[in-house]
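[1] Compute the structure for the input listed below.
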Amino acid sequence: MIKLIASDIDGTLVPDGTDQIDPEMFNIIKELKKRGIRFAGASGRQFVSMRKLFAPVKNDIFYITDNGSILRDSNKVYSMNVIDRDILFELIADVKKLDNCDIMLCGLNTAYCEDKSEMFLWMRDSYKYNIKVLGDFETHLDDDIVKLSIYKRDTVEQEVMEWFYPKWKDRFVIASAGTMWMDIVNPGADKGSALKVLMKELGLSKEEVMAFGDNINDLGLLEAAGESYAIGSAREEVKAAAKHVAPPLSVYGETIALKEFLINTTAHVPAEQYTPQEEQINEQD
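    Numbering: from 1, shown residues only. Just a heads-up that it's a prediction; the model follows:
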């Protein structure tokens, strides 16, 4: 029996860079909880952004953030994979050699960039990030960083693959997170690894987990779950890796798949009392 459902966000539950989640998902998450089935959002987004997106159920779910670098709930961090500071600045120097790419660094609750660029405005206004303009990273950065994101409209993957990826691929996980993003995290800090940590925390087997995704950075998530779904609008590599293909995001394919799952799940079990206490989060208005 499925006892945990993990889902990617951008491209799976919402169009990239928006907060246009199907409101019915909140009712589904509440119904899953009644049946003793937990829900985890798994995203390249930071915790603050995800928490706003899931506001009606924000204290009822787990958060796999920053492409698996952080696993937490509303008040407890279970794992956090920090990039070595010296190596981080080597990465930054190489990214700056790429053609017209922006850099975003992600800490536990705050993201950072060097200037007030198009990327900054998009992250602040569309993704609802808690993001700060620092100026020069080497001079002003004093936070632990779990993820470096490279941003460029439409051609970022092509740009990174030319020489940057071959140079760094054996030292970091570098994966597409959409047409405009390439994310860099430590080895072992992918969504699938974080899901396995959560499964261990909850005492669950692979067969008790279901996952949804659409992009390359979701492959580990789908592999870790016994039941895996690619959204119908997913990349072909993801569809090939998943056991099932749900309808596309344009018709809220995950909502459709989960409604069908609830209809076909007849065994109701008591939900464990999972009600983490609210914590004070530094959110940007």
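[2] switch to C-alpha atoms for all contacts and neighbour counts from now on
    Will do.
[3] Report the separation between M182 and G232.
    Here the criterion is Cα to Cα, to the nearest Å. By it, M182 lies 22 Å from G232.
[4] what about N100, which SS state?
    Secondary structure for N100, judged by DSSP: H, G, I helix; E, B strand; the rest coil, is coil.
[5] Quick check, it in contact with K152.
    Yes. At 7.2 Å, N100 and K152 qualify as touching, with contact defined as Cα atoms under 8 Å.
[6] who has more neighbours, the two?
    The residue with more neighbours, out of N100 and K152, is K152; 18 against 12, by other Cα atoms under 10 Å.
[7] For the more buried one, give me its contacts.
    By Cα atoms under 8 Å, 6 or more residues apart in numbering, the contact set of K152 is 100-102, 180-181.
[8] Could you dump the residues you listed into a markdown table and include distance to S193 and pLDDT?
    Below are these laid out as a markdown table (distance: Cα to Cα, whole Å; pLDDT from 0 to 100):
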| residue | distance to S193 | pLDDT |
| --- | --- | --- |
| N100 | 32 | 90 |
| C101 | 28 | 94 |
| D102 | 27 | 95 |
| M180 | 24 | 87 |
| W181 | 21 | 89 |
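[9] partners of the residue lying closest to I216 once chain neighbours are set aside in the sheet?
    Excluding the flanking residues, the one nearest I216 by Cα to Cα, 6 or more residues apart in numbering is S176, at 5.9 Å. Residues in a beta bridge with S176, per DSSP bridges, are M182.
[10] Surely S176 touches N217?
    Yes. Between S176 and N217 there is a contact under Cα under 8 Å: 6.3 Å.
[11] Which one of the two is surrounded by more residues?
    N217 (26 against 19).
[12] give the contact list for the nearest residue to the more buried one once chain neighbours are set aside.
    The shortest distance from N217 to any non-neighbouring residue, by Cα to Cα, 6+ apart, is to A175 (5.6 Å). Counting by Cα under 8 Å, 6+ apart, A175 touches 182-184, 216-217.
[13] so which pair among the residues you listed is furthest apart in space?
    Spanning the widest gap among the contacts of A175 are I184 and I216, at 12.7 Å by Cα to Cα.
[14] Between the two, point out the one with more neighbours.
    I184 (28 against 18).
[15] Among the contacts of A175, which one lies nearest to P56?
    The shortest approach to P56 among the contacts of A175 belongs to N217, at 26.6 Å (Cα to Cα).
[16] can I assume the closest one is in contact with G68?
    No. Using Cα under 8 Å, N217 is not in contact with G68; the gap is 9.5 Å.
[17] Which residues are in contact with each of the two?
    Common contacts of N217 and G68 (Cα under 8 Å, 6+ apart): 190-191.
[18] Contact partners for the residue nearest the centre of the chain?
    Centroid-nearest residue in the chain, with Cα atoms, centre = their mean: S43, separated by 0.8 Å. Contacts for S43 (Cα under 8 Å, 6+ apart) come out as 8-10, 64-68, 191.
[19] ditto for R51
    Counted by Cα under 8 Å, 6+ apart, R51 has contacts K58.
[20] Just say helix, strand or coil for it.
    With three-state DSSP as the criterion, R51 reads helix.
[21] ok, now M161?
    Going by three-state DSSP: M161 is helix.
[22] Okay, it and T155: tell me how far apart.
    10 Å.
[23] Closest to F39 out of the contacts of A175?
    N217 (18.9 Å).
[24] Which strand or helix spans L121?
    helix 118-125 (DSSP states H and E).
[25] no wait, I256
    helix 253-264.
[26] Report the rounded mean pLDDT for that helix.
    The average of the pLDDT scores along helix 253-264 is 96.
[27] With stretch 215-222 instead?
    Mean predicted lDDT for stretch 215-222 stands at 93.
[28] Quick one: distance of it to the chain centre.
    10 Å (Cα atoms, centre = their mean, to the nearest Å).
[29] Does Y229 fall in a helix, a strand, or a coil region?
    Per three-state DSSP, Y229 ends up strand.
[30] Wait, it touches K243, no?
    Yes. At 6.1 Å, Y229 and K243 qualify as touching, with contact defined as Cα under 8 Å.
[31] Let's see the ChimeraX selection covering just the buried ones among the contacts of K152.
    Here is the ChimeraX command that picks out the buried ones among those, judged by 16 or more other Cα atoms under 10 Å:
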select :101,102,180,181
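[32] now the contacts of K152 in JSON lines, with distance to L222?
    Output for the contacts of K152, formatted as JSON lines (distance: Cα to Cα, whole Å):
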{"residue": "N100", "distance to L222": "33"}
{"residue": "C101", "distance to L222": "30"}
{"residue": "D102", "distance to L222": "29"}
{"residue": "M180", "distance to L222": "22"}
{"residue": "W181", "distance to L222": "20"}
